[in-house]
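Asks: Using only what follows, build the 3D model:
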Amino acid sequence: MAGLSHRQTEILNIARAFGRVMVEDLAKRFEVSAQTIRKDLNDLCDQRSLTRIHGGAIIASGVENLAYEARRFVAAEEKRAIGIAAASRIPNGCSLFINIGTTTEEVASALTSHEDLLVITNNLNVAMLLYRHPRIEVIVAGGAVRRADGAVIGSTAISLIGQFKVDYAIIGASAIDEEGALLDFDYREVQAAQAIIANARSVMLVADSTKLRRSAPVRIAHLSQIQTFVTDAPLPAGLANICHHRGIEVVEAMEKSAADIDDPGGEPASTVVRLK
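Replies: Numbering: from 1, shown residues only. Have a look, this model is predicted:
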């Protein structure tokens, strides 16, 4: 990209490979001050190549999602905590959909000690995580497999989803806007997610706080269509108010200080569960 220094180009390459970069790590890597790295990140953000987060930056969103392997590195600790918190709210002996996404895969990882589950999924990674467990029955939607991430998409997958009415749906999103719209990049993936929402009695959204600083072009649904939102940090005031007025339970899977949150919300305590 024109106008970038060699170090800034390297920073951008690292961000593309891993999804995000942190100031302290970059300062050590390039043997420069944290202030110098912050200036580099600000320059890359000004060019809309990166988006700032607390302590670093992530690849800027647009019309195309990050590569699957890069998404696995973004907010990995937060996703793991979200997965554990979400799984703790799924009882034994129930049926559920688990949708495409790296965070939903963390939920699947945390479900392996559950018993008597019926899991329907259009995510081959979820199926591989669960099929070995004798007390969990797994049904995989048929159709075309997206080579990039093991997602099963298309009309055949949607048709199978429509044959079930399950207790819970576990869904993710690539972005959540300030008005509460859940967004993604692939309209075929969105069609499957919409079918999942329509055929579940209770919908649980699992999404870390970096999704609040991204955008994507395709609308999945609105926050008002879910019952539980499991995330890693307090929501901005606007989203917190939507959840409160709609009676959505918000579960914060990690304890974070105010310094870790760009726009801490003022959620009424009655709708928020903070896990210590």
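
Asks: Now do the contacts for Val230.
Replies: 82, 85-86, 89, 204-207, 251, 253 (CB atoms under 8 Å, 6 or more residues apart in numbering). C-beta: built from backbone N, CA, C; applies to glycine.

Asks: nearest to His6, of those residues?
Replies: Distance to His6, by CB to CB, is smallest for Ala207 among those, at 35.4 Å.

Asks: pLDDT score for that closest one?
Replies: On pLDDT, Ala207 comes in at 96.

Asks: tell me, how many neighbours does it end up with?
Replies: 25 (other CB atoms under 10 Å).

Asks: any chance of the contacts of Val230 in TSV, plus distance to Ile53?
Replies: Below are the contacts of Val230 laid out as TSV (distance: CB to CB, whole Å):
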residue	distance to Ile53
Ile82	16
Ala85	21
Ala86	22
Arg89	27
Met204	24
Leu205	20
Val206	19
Ala207	15
Val251	21
Ala253	17
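
Asks: Dump stretch 100-115 to CSV, keeping only the CA atoms.
Replies: Extracted in CSV, the C-alpha atoms of stretch 100-115 (Å, rounded to 0.1, in the frame of the first residue of the first chain):
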residue,chain,number,x,y,z
ILE,A,100,-21.2,-21.4,11.7
GLY,A,101,-18.5,-19.4,13.5
THR,A,102,-15.4,-19.6,15.6
THR,A,103,-17.3,-18.5,18.8
THR,A,104,-20.0,-21.1,18.3
GLU,A,105,-17.2,-23.7,17.9
GLU,A,106,-16.0,-22.7,21.4
VAL,A,107,-19.5,-23.4,22.7
ALA,A,108,-19.4,-26.9,21.1
SER,A,109,-16.0,-27.5,22.8
ALA,A,110,-17.5,-26.6,26.1
LEU,A,111,-20.5,-29.0,25.6
THR,A,112,-18.5,-32.2,25.5
SER,A,113,-19.4,-33.2,29.1
HIS,A,114,-23.1,-32.7,28.5
GLU,A,115,-25.4,-35.7,28.2
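
Asks: List the single closest residue to the residue at minimal distance from the centre of the chain in space, sequence neighbours excluded.
Replies: Among the residues of the chain, the one closest to the centroid is Ala207, at 3.6 Å (CA atoms, centre = their mean). Take Ala207 and drop its neighbours on the chain: the residue closest to it by CB to CB, 6 or more residues apart in numbering is Ala173, 5.3 Å away.

Asks: The one you found in helix, strand or coil?
Replies: Three-state call for Ala173 (DSSP: H, G, I helix; E, B strand; the rest coil): coil.

Asks: Tell me the pLDDT of it.
Replies: pLDDT, Ala173: 95.

Asks: still on that earlier bit, quick one: contacts for the residue nearest to the centre of the chain?
Replies: Contacts of Ala207 (CB under 8 Å, 6+ apart): 82, 103, 172-173, 176, 229-231.

Asks: and if we set it to 6 Å?
Replies: Residues near Ala207 by CB atoms under 6 Å, 6 or more residues apart in numbering: 172-173, 231.

Asks: Can you tell me which of those residues lies closest to Ala34?
Replies: Thr231 (27.7 Å).
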